[in-house]
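*Asks:* Test case, fold it:
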Amino acid sequence: MGADDPRVLIADGDAALRQQLCSALLGFDVFADSVGTTHDALERLAGDRYGVVVLDVALAPGDVERVIAAIANTPVRERPVVLVLAANPEAARSLDVEIVQIVLRRPVNFPQLVDVVRSCVKDSRGRGASAARGNGDSLRS
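*Replies:* So this is what the prediction gives:
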């Protein structure tokens, strides 16, 4: 994995899930940062660029909409793929569908979660290569 390969931000209140997901992704040469609060997620998003964001809809202190808004303020070509985890999928319905691409129901099937995140990383790599070649029109908006 090169220096320009996308990183994953895991923003989830479940420390065990964050650790397991980071470890599983590392086994596939996918590097991830993890945070347990919306405040920390906003700090990471302000300071680093991510290809994929895994976001718990119930992330404390409960203002996940601010995280979505921060991503929405990112230029379209630089936006990460956003995967939301929700115990109640209804809770994710109010989130911006232009930003949130995937919603997975809790409790998550862990192998499925790893596969979905890996697939999103591959997609993010492809989008980055298209943008670098100047083919931005083929990007999802």
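*Asks:* which stretch of helix or strand covers residue 103?
*Replies:* If you go by DSSP states H and E, residue 103 is part of strand 100-105.
*Asks:* what's that strand in contact with?
*Replies:* Contact with strand 100-105 is made by 68, 81-87, 89, 92, 112-113, 116, 120, as judged by C-beta atoms under 8 Å, 6 or more residues apart in numbering. (C-beta placed from N, C-alpha, C; glycine too.)
*Asks:* one more time with 7 Å
*Replies:* 68, 81, 82, 83, 84, 85, 86, 89, 92, 113, 116 (C-beta atoms under 7 Å, 6 or more residues apart in numbering).
*Asks:* Tell me if residue 10 really is in a strand.
*Replies:* Yes: counting by DSSP: H, G, I helix; E, B strand; the rest coil, residue 10 is located in a strand.
*Asks:* residues touching it, list them.
*Replies:* Here residue 10 is in contact with 18, 21, 22, 32, 34, 54 (C-beta under 7 Å, 6+ apart).
*Asks:* Excluding chain neighbours, give the residue nearest to residue 24 in space.
*Replies:* residue 114 (4.7 Å; C-beta to C-beta, 6 or more residues apart in numbering).
*Asks:* Let me see the confidence value for the one you found.
*Replies:* Residue-level confidence at residue 114 comes out at 97, pLDDT.
*Asks:* Would you confirm that it contacts residue 22?
*Replies:* No: between residue 114 and residue 22 there is no contact under C-beta atoms under 7 Å: 10.7 Å.
*Asks:* quick revisit: who wins on neighbours among the contacts of residue 10?
*Replies:* With neighbours taken as other C-beta atoms under 10 Å, the top of those is residue 54, carrying 29 neighbours.
*Asks:* and the residue most central in space within the chain, helix, strand or coil?
*Replies:* Nearest to the mean C-alpha position of the chain, counting by C-alpha atoms, centre = their mean, stands residue 53 at 1.1 Å. At residue 53 the chain is in strand, as set by three-state DSSP.
*Asks:* Confirm for me that it is in contact with residue 9.
*Replies:* Yes: between residue 53 and residue 9 there is a contact at 4.7 Å, judged by C-beta under 7 Å.
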